[in-house]
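Asker: what's the 3D shape of this:
(2 chains)
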Amino acid sequence: MEDELLIEKFKQGDRQAFNTLIWRWEKPIYNFILRYIGDSDQAKDLLQMTFIRAYKSLNKLNDHAKFSSWLYQIALNQCKDHFKTRKVERLDCLEIVDEEHDHHSKNIVPIDPSDPPERYHHYHNTVHVLQKALMLIPEEQRVVIIMKEYHGLKFQEIGEILQVPINTIKARMYYGLSALQKVFKQWGLDREDFGYEL
Amino acid sequence: MNCEESRNLIIDYLYQELNPEDRVRFEKHLASCSACWSELSELKKVRATLGQYPDEDPHLKLTFVTEKKPIWWKMGEKIRSYKVIHNLAWVAAGFLILLSIANLHISLKDGNFNLQMSLLPSRSIAPGTAQLSSSEMERLKSENSAMLVNLLEDYARREKTERAVLLSELYRDFETKRQEDLKLVSYAMEQVHVGAQQRFSENEEALNALIRYVNFQSRQER
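Answerer: Coordinates of the predicted model:
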């Protein structure tokens, strides 16, 4: 059954329809939150809060076709609130790249310059390394990369969710990927056989 | 196409969101520009690396449980689900409110603000036109006379009590006055008695002196 139909049924009083929506969307939304904040326990809490918020305000959603964008928007707001209220310690390792003008100031500073890149091989886990790398880039670039790379959203959709012009989204994507490229290179993770070696 | 233009399109190309025309132009440029080719390869590598991050299962069984609601609530929901009935209910509610406002009666009498609302128009009775049944009249009459008798009895009782209080006050005043007068009389009599005693002893002394004088003369003559 399509999301639109489930939403229609929910609005007519069929609360079970919302559970179907949850089962359909909990995994993508959870992974979105997890990659954005980098903590699985908190991601689970935020996932629940996202669905509670969605449950409360689904009746106000007029364009049912935009349910997924709307849900991502709620999840994103939950994550932002989480960052604000918990004052989460963010790893400040990258210079903010001037997306609009400066193409050459993409200098990357490691988390701790005294830490040799070999240090990161002890993770023995691709997921941890990639999560760490994602947390190193600025939030506005990270969210675009996650939405595009892992959730396959169109740039147009991402622009609507973030309420930012499409060209800005593409610029963030470009600078985000470039920043990750530098991180991978610094950590020695830019080899073709990366996935197998770790 | 130059490298600057190519950089603007590289992200669209990377994610297959480039229109066919631009795609041909972009690929033509790539074939002749090693720098852009290299940059595209690097970005593809980054994508491939990011692709090593698989989706995770949250292992949560999130379910919204519908809370048990009272039957009247369910009926309300049922009615709300039928839009025609729902709308009619709103219209009826609006009509009733309008009716109440139409029969709104506001008055200000003797400084008292009075507001009355009713669904039906209130029957106003002109003064003096009230009609009561004979039994009701009898009942009211007997109630009035009983009330009057009570009032008179109460008045007489109060009058009697006041009179008694007044009399007792007068008696007390009179008694006080009498006691004061008696004291005065007693004092005067005591004074008179003292004066008489004094004069009596003076007379007695004079008489004794006279007797002594007479006795002396008689002894002289003898």
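Asker: quick one: mean pLDDT over the longest helix belonging to chain B.
Answerer: Longest helix in chain B, counting residues (DSSP state H): helix B:134-221. The average pLDDT within helix B:134-221 is 93.
Asker: and if you look at stretch B:3-11?
Answerer: Across stretch B:3-11, pLDDT averages out at 86.
Asker: does that stretch reach chain A?
Answerer: Yes: Stretch B:3-11 is in contact with chain A by Cβ under 8 Å from any Cβ of the partner chain, via B:7, B:10-11. Where C-beta positions appear, they are placed from N, C-alpha and C, glycine not excepted.
Asker: coming back round to it: elements contacting the longest helix of chain B?
Answerer: Packed against helix B:134-221 by the contact rule (3 or more Cβ pairs under 8 Å, 6 or more residues apart in numbering or on different chains; DSSP states H and E) you find no helix or strand.
Asker: before we move on, back to that, let's see if you can find the most crowded of the residues of stretch B:3-11 next to chain A.
Answerer: The most crowded member of the residues of stretch B:3-11 next to chain A is B:I10, carrying 22 neighbours; neighbours defined as other Cβ atoms under 10 Å in any protein chain shown.
Asker: contacting residues for that residue?
Answerer: Contacts for B:I10 were tallied using Cβ atoms under 8 Å, 6 or more residues apart in numbering or on different chains; they are A:174, B:26, B:36, B:39-40, B:43.
Asker: mind doing that once more with 10 Å?
Answerer: If you count contacts by Cβ atoms under 10 Å, 6 or more residues apart in numbering or on different chains, B:I10 has them with A:170, A:173-174, A:177, B:3, B:18, B:26, B:30, B:36, B:39-40, B:43.
Asker: helix, strand, or coil at B:I97?
Answerer: For B:I97, the assignment made with DSSP: H, G, I helix; E, B strand; the rest coil gives helix.
Asker: what about it, how many neighbours?
Answerer: 12.
Asker: check contacts around it.
Answerer: B:117, B:119.
Asker: let me know the pLDDT of it.
Answerer: So B:I97 comes in at 87 (pLDDT).
Asker: now do the contacts for A:F155.
Answerer: A:144, A:147-148, A:166-170, A:173, B:11-12, B:15, B:17.
Asker: which one of the residues you listed sits closest to A:A65?
Answerer: For the contacts of A:F155, the minimum distance to A:A65 (Cβ to Cβ) is 17.7 Å, reached by A:M147.
Asker: A:N31 is in contact with that closest one, correct?
Answerer: No: the criterion here is Cβ atoms under 10 Å, and A:M147 misses it with A:N31 at 11.1 Å.
Asker: which of the two has more neighbours?
Answerer: Between A:M147 and A:N31, A:M147 has the larger neighbour count (other Cβ under 10 Å), namely 25 against 21.
Asker: shouldn't that one be within a helix?
Answerer: Yes: using three-state DSSP, the assignment for A:M147 is a helix.
Asker: roughly how far out does the host helix or strand of A:A17 sit from the chain middle?
Answerer: Assigned by DSSP states H and E, A:A17 belongs to helix A:16-37. Relative to its parent chain, helix A:16-37 has a centroid offset of 13 Å by Cα atoms, centre = their mean, to the nearest Å.
Asker: report the angle between the helix or strand just after it and helix A:16-37.
Answerer: Later in the chain than helix A:16-37, the nearest helix or strand by DSSP H and E is helix A:40-57. Interaxial angle, helix A:40-57 versus helix A:16-37 (axes from the mean of the first three to the mean of the last three Cα atoms, to 10 degrees): 140 degrees.
Asker: CA atoms only for stretch B:167-184, dumped as PDB, please.
Answerer: Extracted in PDB, the C-alpha atoms of stretch B:167-184 (Å, rounded to 0.1, in the frame of the first residue of the first chain):
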ATOM      1  CA  LEU B 167     -39.000  51.000  85.500                       C
ATOM      2  CA  SER B 168     -36.100  49.200  87.100                       C
ATOM      3  CA  GLU B 169     -33.800  52.100  86.200                       C
ATOM      4  CA  LEU B 170     -36.300  54.600  87.700                       C
ATOM      5  CA  TYR B 171     -36.600  52.600  90.900                       C
ATOM      6  CA  ARG B 172     -32.900  52.400  91.300                       C
ATOM      7  CA  ASP B 173     -32.500  56.200  90.900                       C
ATOM      8  CA  PHE B 174     -35.300  56.800  93.400                       C
ATOM      9  CA  GLU B 175     -33.800  54.500  95.900                       C
ATOM     10  CA  THR B 176     -30.400  56.200  95.600                       C
ATOM     11  CA  LYS B 177     -32.000  59.500  96.100                       C
ATOM     12  CA  ARG B 178     -34.000  58.300  99.200                       C
ATOM     13  CA  GLN B 179     -30.800  56.900 100.800                       C
ATOM     14  CA  GLU B 180     -29.000  60.200 100.200                       C
ATOM     15  CA  ASP B 181     -32.000  62.100 101.800                       C
ATOM     16  CA  LEU B 182     -32.100  59.800 104.800                       C
ATOM     17  CA  LYS B 183     -28.400  60.300 105.400                       C
ATOM     18  CA  LEU B 184     -29.000  64.100 105.300                       C
END
